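Colleague: I need the structure of the sequence given here:
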Amino acid sequence: MNRYSYSNKIFWGLLILVCICFPQILMAVERSMPITPAEKKLMQGTQPPAELPSNVPASGKLNRNTIGCVLPLSGPYADLGMKSRDAILLATKKFDEQNKPLWKVVIKDSHGTAEGIKEAIENLADVENVMAIIAVTGTAEATNAASEANMRKVPLILISPKEGVTAAGEYVFQHFLTPSQQIKALVKYAFNDLNCAIFAVLYPDDDYGREMLKFFSQEVKRTGGKVQKVIPFSKDQTDFKAEINKLANISDETPEPGIDRQPENKSAASIDFEALLIPDSYSRVRIITSQLAYYNVRGFKLLGTSLWHSPGLLKNGGENLEGAILVDSFFTESYYPETSDFMDVYYTAYSREPENIEAMAYDTAGFMIDVLSNKEIKTRSQFAAALKKMENYRGTTGNISFDANRVAQKTPFILKVENGKLVQVK
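Modeller: Residues are numbered from 1 along each chain as shown. Reported below is the predicted structural model:
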């Protein structure tokens, strides 16, 4: 009886031990065996993990009334960044009935670098959870900014001259009077208002000059005109005798600059074009036009791009530029009431006159707020969709809409040198 009891106790003890240890042994064996894809799917469940809805930031709730800014506040373009900042803060300085600000602006310094822009957009999109971003960039960094913003599905309005930058995606917009838009406006005015259809181009042999030549040739051809002569020059050149000879078919008997010329020594110029485009800086244009006058090469209209638009263009006399036409995105003495109002408000706030960059930044913040005044817009995708539909926003830089490629379509300022001053003619 005692022996039986003792055996019985051993049996039950071993059985309990097996029950306790067997599951651990089984799990260890299972862990050592490879898991098939089918088993893994069963272990994880058949439903995929839940995803955040698009336009909901990963780290929290979207701040609907917050606008982000990526500006070069340090580095070589700090001046542009700080002027843009001043204009944006002025445009968003609006308060409710309780004197509380209606809009919050979060500004990040890009340092003017591609990496700085990427980090700033990432922070604004996913940490600050802004509704949209304004970015001031050069041509080199614009593509990086566009790619980063579109990947994060945050609307980005680029103030940059880079052509084709909005191809990055549906969340990328551009607010700038691009080189191609400048040329289109110039050619249209030359055809319709100056009755010019035959052109010559004297251009710097650099990226800017070649790009402007390409756009100009394409637009003139599309309109039905002709580019008669195309003459390049080096970007550090100061003597343009050889180029002027080619331009106007002047004989080599023309005296060197500085030599006293008698009227009988002047070679007759043979002008076979009606307008001359010089897409270069105002300082170079002053040199070229003075030499054109010296060689008595006249009888055509002068056309210029926004690079001409500077207080130095007509400094100490602009007789050689009388009648010249140029195009730009902003003119401080414009007859537009919106421009006049902006000039007053800006000068009152900062005791200085604004330039192009301030005007564009002010308008950018302005039309963003105008779109967001619709309380039905609650997501980033809704904001982007509404911005695409915006038509003829009346800004200080003219009327603004966006085309199918999300590039701002602006009313360019056509300026003319008249009696030694710039005036708006269209």
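Colleague: pLDDT below threshold where in the stretch 151-300 of the chain?
Modeller: Within the stretch 151-300 of the chain, the segments meeting pLDDT under 70 span 252-269.
Colleague: no wait, the stretch 1-150 of the chain
Modeller: For the stretch 1-150 of the chain (pLDDT under 70), the answer is 1-60, 95-98.
Colleague: that one: strands as residue ranges?
Modeller: Taking DSSP state E, counting those that start in this stretch, the strands of the stretch 1-150 of the chain run over residues 63-71, 104-109, 130-136.
Colleague: helices or strands next to the first one in the packing?
Modeller: Translated: strand 63-71. The helices and strands touching strand 63-71, judged by 3 or more C-beta pairs under 8 Å, 6 or more residues apart in numbering; DSSP states H and E, are helix 78-91, strand 104-109, helix 114-126, strand 130-136, helix 356-372. For every residue, glycine as well, the C-beta is placed using N, CA and C.
Colleague: tell me the centre residue of the protein?
Modeller: Taking C-alpha atoms, centre = their mean as the criterion, Ser160 is the residue nearest the geometric centre of the chain, at 2.1 Å.
Colleague: for that one, grab phi and psi.
Modeller: Main-chain torsions, Ser160, degrees, to the nearest 10: phi -160, psi 140.
Colleague: same question for the one 4 residues further on.
Modeller: Backbone dihedrals for Gly164, given as degrees, to the nearest 10, come out at phi 80, psi 10.
Colleague: still on that earlier bit, look up how far His175 lies from the residue nearest to the centre of the chain.
Modeller: 9 Å (C-beta to C-beta, to the nearest Å).
Colleague: Ile121 too?
Modeller: 17 Å.
Colleague: among the helices and strands packed on strand 63-71, which is the most enclosed?
Modeller: With neighbours taken as mean count of other C-beta atoms under 10 Å, the helices and strands packed on strand 63-71 reach their highest mean count in strand 130-136, at a mean of 27.
Colleague: the helices and strands packed on strand 63-71: which one's closest to Asp344?
Modeller: Asp344 sits nearest to helix 78-91 of all these, at 11.7 Å, using C-beta to C-beta.
Colleague: hmm, back to that, contacts only, for the residue nearest to the centre of the chain.
Modeller: Residues near Ser160 by C-beta atoms under 8 Å, 6 or more residues apart in numbering: Ala135, Val136, Thr137, Gly138, Thr139, Ala142, Ala145, Gln174, Phe176.
Colleague: which members of those residues are classed as buried?
Modeller: Those of these that meet the buried threshold are Ala135, Val136, Thr137, Gly138, Ala142, Ala145, Gln174, Phe176, by 16 or more other C-beta atoms under 10 Å.
Colleague: all strands for the stretch 201-350 of the chain, in order.
Modeller: 226-233, 275-277, 301-304, 325-328.
Colleague: kindly reformat the ones you listed as CSV containing mean neighbour count.
Modeller: Below are the strands of the stretch 201-350 of the chain laid out as CSV (neighbours: other C-beta atoms under 10 Å):
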stretch, mean neighbour count
strand 226-233, 16
strand 275-277, 25
strand 301-304, 23
strand 325-328, 24
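Colleague: so can I have a markdown table of these showing distance to Gln291?
Modeller: Below are those laid out as a markdown table (distance: least, C-beta to C-beta, whole Å):
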| stretch | distance to Gln291 |
| --- | --- |
| strand 226-233 | 11 |
| strand 275-277 | 13 |
| strand 301-304 | 13 |
| strand 325-328 | 19 |
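Colleague: which one of the ones you listed lies closest to Gly116?
Modeller: strand 325-328 (28.8 Å).
Colleague: could you measure from Ser110 over to Trp103?
Modeller: Per C-beta to C-beta, Ser110 is found 21 Å from Trp103.
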